[in-house]
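Novice: model the structure of this input:
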Amino acid sequence: MCRWLPWSRWCLLALISMGLIGTLASFQLPAAILLGAMAAAIGLATCDIDLKIAPLPLNASQAVIGTMIAHSMPAALWGAMAAQWPLLLGGVLSVVVASYGAGWCLMRLKVLPGASALWGSSPGAASAMMFIAEAYGDDIRLVAFMLYLRVVLVALVAALVAHFWMPAGVSAATHHGVFVGWLQPRPWPATLWTLAVTLVAGWIGLRLRWPAGALLLPLGIGLLLQNLGWLRIEQPPWLLATCYVVIGWSIGLRFTRQVLLHAARAIPGIMASSLALLLVCAGLARWLTLEADIDPVTAYLATSPGGADSIAIIAASDPHVDMAFVMAMQTARFLVVLLVGPSLARWLAGPRQPAA
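Specialist: Purely as a prediction, here's the structure:
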């Protein structure tokens with residue numbers, strides 16, 4: 001497959017993605033576009049398709065998703081979120097402790113060499129953790145494999161949870177106009193202003209070199225402008241669908257045959273720890289449902305460990321999900337991991353010398 005011309009490989013990936021997306025959408029599975037594209041990319045990556053999403057479309061797609069999240073978080077919700085800060089803090093810290101606890105167990109059992117298991121156990125800030133792991137001499141391929149395998153598992157399980165708990169009559173495939181209303185008239189002035197703000201904010205986020213800046217700065221600026229009444233966020237369905245595909249491909253294409261072979265011995269341990277972490281998060285979600293009267297899908301998506309962009313896409317598939325609560329907990333955990341994650345991982349790993 002490596003001998004194929006690049007355009008023919010992209011066409012093959014697109015055709016397989018369309019088939020899988022259509023199949024998943026027929027079952028009304030939430031985030032069918034994301035999951036179908038991800039599955040197609042994983043399948044072809046293991047066959048050495050030799051494709052990679054360039055930084056520009058990936059960052060632009062993350063910026064669009066950031067603005068989409070902002071659109072789902074109007075100002076009226078922030079008072080209620082502030083009143084729930086103990087709940088948010090408890091949920092965030094519980095997931096962080098469970099994640100690094102699983103990584104520490106893998107390190108002690110020597111499932112992965114060095115402190116790779118600790119860096120790979122981070123429930124968020126994947127790119128930052130890979131860079132830090134490389135600086136400390138750990139195997140970045142194993143760290144990346146562990147992080148993105150969990151992203152795939154989280155996305156798949158979260159989509160299934162959303163599907164089985166979705167109220168009757170709600171079509172996950174058609175929410176946000178993903179398949180319906182593509183040709184309906186759009187308020188183009190608002191759409192163009194939204195696109196301009198999204199791209200400029202994403203570019204600034206990259207220039208500032210913030211981890212996930214392409215996602216978080218459009219989210220923050222979009223929230224600010226929307227809540228001040230200066231911007232009406234409008235995003236055409238075809239743009240959202242395209243971004244879902246790009247993000248799905250970017251995750252799936254990382255699972256090359258070389259990476260899988262390199263990580264073969266560690267796969268059972270990584271899978272076991274990831275599933276154990278998902279069970280812990282499901283237990284935490286159950287507690288939120290019982291103690292705080294939060295609906296099960298919202299609680300599970302809020303506690304899912306990592307993959308904020310994919311979780312946002314899944315949350316957007318169900319209008320009954322409290323998007324504000326989900327993204328508040330996801331964003332808060334991302335910031336906590338970014339601030340304390342590297343120090344916590346180094347402390348758990350013990351004294352180490354940075355790589356030369």
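Novice: which element, helix or strand, includes Gly205?
Specialist: Assigned by DSSP states H and E, Gly205 belongs to helix 188-207.
Novice: who does the helix or strand just after that helix touch, helix- and strand-wise?
Specialist: Scanning forward in sequence from helix 188-207 by DSSP H and E, the next helix or strand is helix 213-227. Applying 3 or more C-beta pairs under 8 Å, 6 or more residues apart in numbering; DSSP states H and E, one finds that helix 213-227 makes contact with helix 55-71, helix 188-207, helix 323-349. Yep, even glycine has a C-beta here, placed from its N, CA and C like the rest.
Novice: for helix 213-227, buried residues please.
Specialist: 213-223, 225-227 (16 or more other C-beta atoms under 10 Å).
Novice: same check on stretch 112-132?
Specialist: By neighbour count with 16+ other C-beta under 10 Å, stretch 112-132 contains the buried residues 112, 114-126, 128-130, 132.
Novice: dump it to CSV, restricted to CA.
Specialist: The C-alpha trace of stretch 112-132 is given here as CSV (Å, rounded to 0.1, in the frame of the first residue of the first chain):
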residue,chain,number,x,y,z
LEU,A,112,6.4,-0.7,30.3
PRO,A,113,10.0,0.3,30.6
GLY,A,114,11.0,3.2,32.8
ALA,A,115,8.3,5.7,33.6
SER,A,116,6.5,5.4,30.3
ALA,A,117,3.4,4.0,32.1
LEU,A,118,3.1,7.1,34.2
TRP,A,119,3.3,9.5,31.3
GLY,A,120,0.9,7.3,29.3
SER,A,121,-1.6,7.3,32.2
SER,A,122,-2.2,11.0,32.0
PRO,A,123,-6.0,11.7,31.7
GLY,A,124,-5.5,14.6,29.3
ALA,A,125,-2.8,16.8,27.9
ALA,A,126,-1.5,14.0,25.7
SER,A,127,0.8,16.1,23.5
ALA,A,128,2.4,17.8,26.4
MET,A,129,3.0,14.4,28.2
MET,A,130,4.6,12.9,25.1
PHE,A,131,7.1,15.8,24.8
ILE,A,132,7.9,15.6,28.5
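Novice: quick one: mean pLDDT over it.
Specialist: Averaged across stretch 112-132, the pLDDT comes to 76.
Novice: what is the distance between it and the centre of its chain?
Specialist: From the chain centre to the centre of stretch 112-132 is a distance of 16 Å (C-alpha atoms, centre = their mean, to the nearest Å).
Novice: what's the closest of the buried residues of helix 213-227 to Leu147?
Specialist: Distance to Leu147 across the buried residues of helix 213-227 (C-beta to C-beta) is lowest for Leu215, with 15.8 Å.
Novice: which residues does the closest one contact?
Specialist: Neighbouring residues of Leu215 by C-beta atoms under 8 Å, 6 or more residues apart in numbering: 62-63, 65-66, 205, 308-309.
Novice: and the residues you listed, which are buried?
Specialist: Listed as buried from those are 62-63, 65-66, 205, 308-309; burial here means 16+ other C-beta under 10 Å.
Novice: okay if I get these as a markdown table plus pLDDT?
Specialist: Listed next are the buried ones among the contacts of Leu215 as a markdown table, based on pLDDT from 0 to 100:
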| residue | pLDDT |
| --- | --- |
| Gln62 | 89 |
| Ala63 | 92 |
| Ile65 | 87 |
| Gly66 | 86 |
| Gly205 | 88 |
| Ala308 | 73 |
| Asp309 | 70 |
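Novice: closest one of those to Ala345?
Specialist: Of these, the one sitting nearest to Ala345 (C-beta to C-beta) turns out to be Ala308, at 19.4 Å.
Novice: for the closest one, which non-adjacent residue is spatially closest?
Specialist: Computed as C-beta to C-beta, 6 or more residues apart in numbering, the closest residue to Ala308 that is not its neighbour in sequence is Gln330, at 4.5 Å.
Novice: looking at the helices and strands packed on helix 213-227, which is buried most?
Specialist: helix 55-71 (a mean of 23; mean count of other C-beta atoms under 10 Å).
Novice: how about residues contacting it?
Specialist: Helix 55-71 is contacted by residues 194, 197-199, 201-202, 205-206, 212, 214-223, 226, 233, 235, 239-240, 242-243, 246-247, 250, 309, 312-313, 316, 323, 327 when judged by C-beta under 8 Å, 6+ apart.
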